[in-house]
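[1] With the input below, show me the fold.
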Amino acid sequence: MRRAAALGLALLACGREPPPAVVQQDPAVESEAPSNTTPDLGAEPGTNAAPPSVPAPPQLPATTLPLVLLATQVPEDPAQARATIRDAEAGTIAHYRSGDAIRKTAIVASIAAGRVELLHDEQREVLLAGAEPAALSPDDVFYADFIDESMPETMADGVQLESGPGWVVKTPAYAWGTRRAVHRLREALRAYVRVAEGGPDVHVGDLSKPGGGPFPPHISHRAGRDVDIGYVLRGSVADVSRFVTATAANLDRARTWKLVRALLDSHAVAWIFMDYEVQRLLYEHALGSGTPRETLDALFQYPKGNRATAGIIRDWRGHADHFHVRWTQ
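    A predicted model of the protein is given here:
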């Protein structure tokens, strides 16, 4: 994986500057210089004034963060632009979109060819491809290569989920999963952070032990495809690291629903086990926020009763203080 990554980034590793942009002229625009006899409608009669010049955009300072821009992908749809960035401090390489947080205090503001603008500590900074040598470390975790659909998935080559901007891993020693599961979980957490509009960190509990296998007191969590996630709470218990029972008084319904939707939008969730009363709170919030009842009825077991065999989201004893996600693979 790392060899493929190094080959794919060979040009940038040599420290080459990105090629200059090619500007294509609109054929509807005349190619010759504008005539200096064009009258300025705001000038005095009988004078020919030059049009006002457009000031150049301000030069942004280079970011002070230990980041290296390895590559950018800028399709016609700007919302689909991606930047591949190495974080030397975290030892990770990952794809980022506009709006993604690299740190709690650093957000990707925009992506252009060979250039990323960051909002860092409420100041604009720039990150340029080729500005720093793209030296890679053998210990780098390359999130961009986590999914290879052609390879079988085993826990023999499992990977560890690390805390990130917007989420905290409670026990890193038990945060091991298959590459697909960890990749999809991380992408869902990042998608949630983009729409959460602040709030407390998400508390991520156990996945599996390194290599998988029996993991008491859990019944499952053996194969790297299960994860426990705390509900997003408010008030004095919002930032408590241990899981706290969700109630009508402390559940942040809006943010918890956004978190659940971000996970479901991965289209790789087999089951979510959630207390039936918490299901009710989220169902009623989502319905009141405009989600069609038909959509909710396909997702939730509620209101059909906690013994109903319907919905991806099912009641299971012991899930009032967290919910359990099982990935399809």
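
[2] ok, and for the helix or strand hosting residue 126, which residues are buried?
    According to DSSP states H and E, residue 126 maps onto strand 123-128. For strand 123-128, the buried set under the neighbour-count rule, 16 or more other C-beta atoms under 10 Å, comprises 125, 126, 127, 128. Quick note: C-beta positions are derived from backbone N, CA and C, even for glycine.

[3] same deal with stretch 282-293?
    282, 283, 285, 286.

[4] where does the stretch 51-200 of the chain have low pLDDT?
    Within the stretch 51-200 of the chain, the ranges that satisfy pLDDT under 70 run 51-58, 143-153.

[5] quick one: the helices in it?
    Residue ranges of the helices in the stretch 51-200 of the chain, as given by DSSP state H, counting those that start in this stretch, are 179-196.

[6] What are the boundaries of the strands in it?
    67-73, 82-87, 92-96, 101-103, 106-112, 115-120, 123-128, 141-142, 159-160, 167-169, 176-177 (DSSP state E, counting those that start in this stretch).

[7] got a list of contacts for the first one?
    Translated: strand 67-73. If you take C-beta atoms under 8 Å, 6 or more residues apart in numbering as the criterion, strand 67-73 is touched by 8-9, 12, 80-88, 93, 102, 111-116, 127-129, 131-135.

[8] domains in this structure, as residue ranges please.
    1-10+60-145, 151-327 (automatic domain parsing).

[9] If you count contacts, what does the host helix or strand of residue 298 end up packed against?
    Using DSSP H and E, residue 298 falls within helix 293-299. Under the contact definition 3 or more C-beta pairs under 8 Å, 6 or more residues apart in numbering; DSSP states H and E, helix 293-299 sits against helix 276-288.

[10] try it again with 10 Å
    Contact here means 3 or more C-beta pairs under 10 Å, 6 or more residues apart in numbering; DSSP states H and E; on that basis helix 293-299 packs against helix 253-264, helix 276-288.

[11] can I get those in TSV with mean pLDDT and distance to residue 196?
    Below are the helices and strands packed on helix 293-299 laid out as TSV (pLDDT from 0 to 100; distance: least, C-beta to C-beta, whole Å):
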stretch	mean pLDDT	distance to residue 196
helix 253-264	98	5
helix 276-288	98	15
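
[12] out of those helices, nearest to residue 235?
    Among the helices and strands packed on helix 293-299, the nearest to residue 235 by C-beta to C-beta is helix 253-264 (12.9 Å).

[13] got the angle for that closest one vs helix 179-196?
    Interaxial angle, helix 253-264 versus helix 179-196 (axes from the mean of the first three to the mean of the last three C-alpha atoms, to 10 degrees): 150 degrees.

[14] List the buried residues in whatever helix or strand comes next after helix 253-264.
    Where DSSP H and E defines the elements, the next helix or strand beyond helix 253-264 is strand 269-273. With burial defined by 16+ other C-beta under 10 Å, the residues of strand 269-273 counted as buried are 269, 271, 272, 273.

[15] How about stretch 102-118?
    Within stretch 102-118, the residues that count as buried by 16+ other C-beta under 10 Å are 102, 103, 106, 107, 108, 110, 111, 114, 115, 116, 117, 118.

[16] one step back: which of the buried residues of stretch 282-293 lies closest to residue 305?
    residue 283 (13.1 Å).

[17] Would you confirm that the closest one contacts residue 256?
    No. Judged on C-beta atoms under 10 Å, residue 283 makes no contact with residue 256 at a distance of 11.7 Å.

[18] if I pick the closest residue to residue 100 other than its chain neighbours, what's in contact with it?
    Leaving aside its chain neighbours, residue 100 sits nearest to residue 108 (5.0 Å; criterion: C-beta to C-beta, 6 or more residues apart in numbering). Residues in contact with residue 108, defined by C-beta atoms under 10 Å, 6 or more residues apart in numbering, are 81-83, 85, 96-102, 116-119, 127.

[19] Would you mark the buried spots in stretch 230-240?
    Neighbour-count burial for stretch 230-240, counted by 16+ other C-beta under 10 Å, picks out 230, 231, 232, 233, 234, 238.

[20] First-to-last residue distance for that stretch?
    Using C-alpha to C-alpha, to the nearest Å, one end of stretch 230-240 lies 10 Å from the other.

[21] got the contact list for residue 228?
    Contact analysis of residue 228 by C-beta under 10 Å, 6+ apart lists 170, 174, 203-207, 218, 221, 243, 273, 319, 321-325.

[22] Do you know the pLDDT at the residue lying closest to it once chain neighbours are set aside?
    What sits nearest to residue 228 in space, not counting adjacent residues and going by C-beta to C-beta, 6+ apart, is residue 205, at 3.4 Å. We have a pLDDT of 95 for residue 205.
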